[in-house]
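Enquirer: predicted structure and sequence below. I'll ask about it afterward.
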Amino acid sequence: MTRGLEDFSLFVKRWLPAVLWMILILVASTDLGAGSNSYLILKPLLQWFSPNITEQEIYGWNIFFRKMMHVAQFAVLSGLVWKTRRPIWHRPGPGDLRLAAFTLAVAIVFSAASEGIQLLFPKSRGASVTDVFIDLGGAVLGLVIIWF
């Protein structure tokens, strides 16, 4: 009984950060993460730095910021998924290629699910295959950082 409880506790300890991060990504896939909301945050910030910035430039920066957040979210996710099996500071070896493949598979499935959730919010969100590839790029970046 105690051994089973210890195993479950270890499982929760290892996976809890990754699961919480996945929940955060899912919440960001709803109306809360809509472009109009990030625009409202970025616009005054960009106007403070550059008072003569145009609406078109603000729109472009908003898109850039949002795509970089895709990369960052999935780079962190890949690190957290990797950490479920190995410490981040553990020097990866050839045997860790399976873990890297597992990490990328989790990222791909989760990215597709995140984009699928956006289909539920057609007025403010739009699912995009391009975003799945951007997410995958972020996951690869996270693995590259871990690997080197």
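Expert: Everything's here; your move.
Enquirer: residue nearest the centroid of this protein?
Expert: residue 73 (2.3 Å; C-alpha atoms, centre = their mean).
Enquirer: dump the residue contacts of that one.
Expert: With contact taken as C-beta atoms under 8 Å, 6 or more residues apart in numbering, residue 73 is in contact with 21, 25, 28, 135, 138. In short, each C-beta sits where N, CA and C put it, glycine included.
Enquirer: same check on residue 36?
Expert: residue 124.
Enquirer: tell me the pLDDT at it?
Expert: We have a pLDDT of 86 for residue 36.
Enquirer: likewise for residue 56?
Expert: Taking residue 56 on its own, its pLDDT is 96.
Enquirer: ok, residue 56 to residue 130 distance?
Expert: 21 Å (C-beta to C-beta, to the nearest Å).
Enquirer: and residue 49, by the same measure?
Expert: From residue 49 to residue 130 the distance is 28 Å (C-beta to C-beta).
Enquirer: what about those two, which has more around it?
Expert: Each of residue 49 and residue 130 has its neighbours counted (other C-beta atoms under 10 Å); residue 130 has more, 11 against 8.
Enquirer: hmm, who's touching the helix or strand containing the more buried one?
Expert: Assigned by DSSP states H and E, residue 130 belongs to helix 129-147. Contact with helix 129-147 is made by 67, 70-79, 82, 88, 92, 100, 103-104, 107-108, 111-112, 114-115, as judged by C-beta under 8 Å, 6+ apart.
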